[in-house]
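Trainee: Next one to model:
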Amino acid sequence: MTAPHPGTTNIAGDSAWVGLQTETVHGSVYIYMTGDDGTAPEKFDLGVRYLDGGMSGLARKTIDGAVKSGASGSRVCFYWMLSQVSGRTWRELSDEERKLLRDPSPLFGASTEPKPEDPWDRAVRIVRDLVEAVEQPSGSFSEVLAGLENLDGPQRDNVLRHLEMYLDGPIENELWKLAVARAEQDHKKDDRHGRVPLFFEADPAAPRERPTRPIEIFTTSVLSGVAALAALALGTKDVFDTLARAGSAAALVTCCLALTASCIGGRYALDWRFRTLRRRQKDAEYRNSPIRRHRPPLDGFADKVDKTFDHFFATNRLPDTGRGEWMKQTAAIRRAMRDEIVEVYRDSRIPIEKISWLIKHRARRTRDRWQDGSLWDYRRELATPLPQRAAAILLIAGGGTAWSSAILKAAQSDRLATIGAALLTAGGISLTARAVSQIYLEFRRSRADRVDARRTKREDDRAYRTWRDELEERRPEDTEMAAWLECDRALLLDSALKVHRLLPSDVLSYGFIHERADPAGRARVLRGPWRYSRYTIMVFLLTDRGVRQLTAELNFAQGSFHDWQEVEYRFDVIASVRMSRKDGGERSFKLRLVDQDEISFEVTGSAGHPLPNETADSISAAALDAAGLHHTLHLLQGVAAEGREWLLDGTRLASHRLDSLTEETSVPAG
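Mentor: Here you go, the predicted model:
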């Protein structure tokens, strides 16, 4: 066994996902669905989508069923032939299957007669010629390659993609060059970097308006206010009566002016008081304070909201501001927003993945508003204008002075009655001001909360519509994800061949296995396989000298490989190959060597919660098919049992079909 290649690297780009291991199922995408009573064309179209999605086993079964149900024509024949060879070597096909590939007329009848004007018929002819070139490698391939080059782009790409493993001999080397060129050209096309992350985004939940806190006015406040107002009215009446008896008209006018000035000044003062309190409240939301001591339950909804806020605030920070400093500066804002999200969505049973867009929007809006200064606009909006403050002070002071003058005038006429009225009035003013202030401020607080909530809701609605439209327009199809992954696997295989200075024809066979890297998000469509934001991919090259194994980590959005590792071992050191299944649908692959070294892969992971029209088994089957485990396990089990000779014996290889394998099997070395 050799050590890992000295060129091994460990690279994590700025856009590497190091946050949450999200999980999303696009339950409204039905590309892998057809009715139980689907027609032959519907079944055929489903089989083609399976083929495009990298699930050759399901495609083979579905297209076979469509052909038996009456699907026919050159296009059907073309995809039927591709489904037969996709993901399999020519040794894995039975004699009957190879015979039908050479001449599919028993299935399609006259549809295989030459039709030069039919592009699908030309594509069928090219596939048949390639199949014959594998079985008769001594001929010339120039006409076949020229015909392949003349096919339409999608047809040519399909041929290169699905015959890659089937081809053997000299023609394999020629077509491999074309396949690698196609992979290099296509593996980042159609804005892969920008669109792949959208596949892992859940369909967004519509934003909700935060319910405002109900108006809280205690009965005691109302009763005390009514009593105080009554006392104030009674005291004022006594003063007016005393002044009227004294015949002091000027003093009566002064009293009226004093009451009017005090009321207007009080109104200004109450507004001033509200603005001051509201500004303090806002300041408290934006001011840094110690981190909350009590953490929410691990992996609960609130804990997931915390982690999502931390992630999106950390990735949406001011330029030239370190992560730690930014998280410190925004701690209070994050806490206020986090508490709002938890309050609004905790009891709605909406998973965190469906509102992560909202948290990301809030994080970006906070950064943008901080950067342009609008985050602090509330301080300007809530600042009380100087004229209003001056008017409040002057009117209240003037009213108080005028009232005191009237009281003194009344005392000259009836001192005892005036003293009682003055005391009653003073107590009434004090208690009335307190009660009115409480009631007024609470109503203003409630109205301001509603205004803020509605403004936030309008902003969230705009962001929601923008995000929903972007997902509808730019989220890649599952088949696009499969095509990109197929390009990545081709480039990884090409790297392995170059490292070991091998031609494709030097490799007796090869196989792939991939699993979810950690951490990584995962997502799938209905009845589709899980797709991952980061993969660990292992390729096995089986040569006459043994097994060359290459493992690399794939950043799927970037289409880049990292953490390369290489291992070589002889066939006779393979002790056992095992695939096991757990109750949750997880499938794991284990290859054990005689020195007790073990290579372990979790191929599918948990199936998750099946949706209607799904089962855990159907999810697992799709994942296994897309991962290429059937072919790879088939190869390694045969080698573990019989060694190199098993690879060279095509008849015996074809007789050991993986379809007959049990869910858990261990093959001892021979």
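Trainee: can you list the weak-confidence ranges in the stretch 401-550 of the chain?
Mentor: Across the stretch 401-550 of the chain, nothing is flagged by pLDDT under 70.
Trainee: Strands along that one, start to end?
Mentor: 509-516, 522-525, 531-532, 534-543, 546-555 (DSSP state E, counting those that start in this stretch).
Trainee: Tell me which residues of stretch 352-368 come out buried.
Mentor: 352-363, 365-367 (16 or more other Cβ atoms under 10 Å). The C-beta positions use only the backbone N, C-alpha and C, and glycine is treated the same way.
Trainee: Of these, which belong to helices?
Mentor: Among those, the ones falling in helices (DSSP state H) are 356, 357, 358, 359, 360, 361, 362, 363, 365, 366, 367.
Trainee: I'd like those residues as JSON lines, with pLDDT appended.
Mentor: Converted to JSON lines, those look like this (pLDDT from 0 to 100):
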{"residue": "356", "pLDDT": "92"}
{"residue": "357", "pLDDT": "93"}
{"residue": "358", "pLDDT": "95"}
{"residue": "359", "pLDDT": "95"}
{"residue": "360", "pLDDT": "94"}
{"residue": "361", "pLDDT": "95"}
{"residue": "362", "pLDDT": "95"}
{"residue": "363", "pLDDT": "94"}
{"residue": "365", "pLDDT": "94"}
{"residue": "366", "pLDDT": "93"}
{"residue": "367", "pLDDT": "94"}
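Trainee: before we move on, the earlier item: what's the closest of the buried residues of stretch 352-368 to residue 216?
Mentor: Distance to residue 216 across the buried residues of stretch 352-368 (Cβ to Cβ) is lowest for residue 362, with 27.5 Å.
Trainee: Just want the phi and psi numbers for the residue nearest to residue 152 when sequence neighbours are not counted.
Mentor: With sequence-adjacent residues excluded and distances taken as Cβ to Cβ, 6 or more residues apart in numbering, residue 152 is closest to residue 119, at 5.9 Å. Dihedral angles of residue 119 (phi, psi; degrees, to the nearest 10) stand at phi -60, psi -30.
Trainee: So what's the residue count around residue 119?
Mentor: 16 (other Cβ atoms under 10 Å).
Trainee: surely it meets residue 155?
Mentor: Yes: under the criterion of Cβ atoms under 8 Å, residue 119 makes contact with residue 155 at 7.0 Å.
Trainee: Spell out, range by range, the helices that occur in the stretch 401-550 of the chain.
Mentor: 415-474, 478-499 (DSSP state H, counting those that start in this stretch).
Trainee: Identify each buried residue in the helix or strand where residue 172 lies, please.
Mentor: Here residue 172, judged by DSSP states H and E, is contained in helix 170-186. The neighbour-count check on helix 170-186 (16+ other Cβ under 10 Å) flags 171, 172, 174, 175, 176, 178, 179, 180, 182, 183, 186 as buried.
Trainee: One more: stretch 255-266?
Mentor: Buried residues in stretch 255-266 (16+ other Cβ under 10 Å): 255, 258, 259, 261, 262, 265, 266.
Trainee: try stretch 30-45
Mentor: For stretch 30-45, by 16+ other Cβ under 10 Å, it's 31, 32, 33, 34, 38, 40, 42, 43, 44, 45.
Trainee: Would you mind measuring the gap between the ends of it?
Mentor: 12 Å (Cα to Cα, to the nearest Å).
Trainee: so residue 223 is in which element?
Mentor: Taking DSSP H and E as the criterion, residue 223 maps to helix 219-246.
Trainee: Just list what that helix packs against, helices and strands only.
Mentor: If you count contacts as 3 or more Cβ pairs under 8 Å, 6 or more residues apart in numbering; DSSP states H and E, helix 219-246 packs onto helix 249-286, helix 386-413, helix 415-474.
Trainee: looking only at pLDDT, what's the mean for it?
Mentor: The average pLDDT for helix 219-246 rounds to 74.
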